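Visitor: kindly generate the corresponding structure for this input.
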Amino acid sequence: MSHGHRRAKSDLNLGSLLRLFKSGFFDSWITVSYLYRYPNTPGVHDYLVNELYKLSDEDVEFYLFQLCNLLVQKKFAGTDALERFILDKCAKSIHFALQVAWIFQSTIDDPVIQMKNPSVVEYCKNLREDVEIACVNVRRPLPRSVREKILQRDGGGKGVAAGA
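Guide: Predicted coordinates for the structure are as follows:
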């Protein structure tokens, strides 16, 4: 009985979230803040990232630092939707791509992050490279894992498998 009550309460919470997301109160601030609040709920995360595609470029740019920080600092369980969104935006706008590259570069160059969390620095280097690929090729690159498999299959040749 307790388990059923817990499930009903969880369903109620998700139902309440969906009502909020579909209400007139839903805006860019709520989208970003709920991305922060629900990093381990892939369904909610994917829904919110899809809502980001509907926002104006000005709204996205206003929260660009927060979105990049969320991407780097939060571990989103089972989804890479936010990374795909950022790379899609970079593929469509050099202005956007430059801002994102600068944000990732500032993380790479931060000596405190270099000492405390080298894996974040490495992740930012990979993201910055993906931003460059998206900008140059005018499309989001293939996922890094797919590109690495192609490189291994093709004997490790350089410059292969960057684009989608």
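
Visitor: identify each buried residue in the one helix or strand residue 115 maps to, please.
Guide: If you go by DSSP states H and E, residue 115 is part of helix 111-116. Neighbour counts over helix 111-116 (16 or more other C-beta atoms under 10 Å) mark residue 113 as buried. In short, each C-beta sits where N, CA and C put it, glycine included.

Visitor: off-centre distance for it?
Guide: Chain-centre distance of helix 111-116: 22 Å, with C-alpha atoms, centre = their mean, to the nearest Å.

Visitor: do the same with stretch 22-30
Guide: Put simply, stretch 22-30 sits 20 Å off its chain's centre (C-alpha atoms, centre = their mean).

Visitor: between the two ends of that stretch, what distance do you get?
Guide: Stretch 22-30 has its terminal residues 12 Å apart, counting by C-alpha to C-alpha, to the nearest Å.

Visitor: quick one: mean pLDDT for it?
Guide: For stretch 22-30, the mean per-residue pLDDT is 79.

Visitor: next, the buried residues of that stretch.
Guide: Neighbour-count burial for stretch 22-30 flags 28, 30 (criterion: 16+ other C-beta under 10 Å).

Visitor: ditto for stretch 97-112
Guide: For stretch 97-112, burial by neighbour count (16+ other C-beta under 10 Å) applies to 97, 99-101, 103-104, 107-108.

Visitor: helices - which of those residues land there?
Guide: Using DSSP state H to define helices, the subset of those located there is 97, 99-101, 103-104, 107-108.

Visitor: which strands and helices lie in contact with the helix holding residue 115?
Guide: Counting contacts by 3 or more C-beta pairs under 8 Å, 6 or more residues apart in numbering; DSSP states H and E, helix 111-116 is packed against helix 118-137.

Visitor: what residues does the helix it packs on touch?
Guide: Helix 118-137 has contacts (C-beta atoms under 8 Å, 6 or more residues apart in numbering) with 71-73, 83, 86-88, 90-91, 94, 97, 100-101, 104-105, 107-108, 113-114, 140-141, 144, 162-163.

Visitor: now stretch 25-43
Guide: For stretch 25-43, using C-beta under 8 Å, 6+ apart, the contacting residues are 17, 20-21, 44-45, 48-49, 51-52, 55, 59-60, 62-63, 66-67, 70, 74-79, 82.
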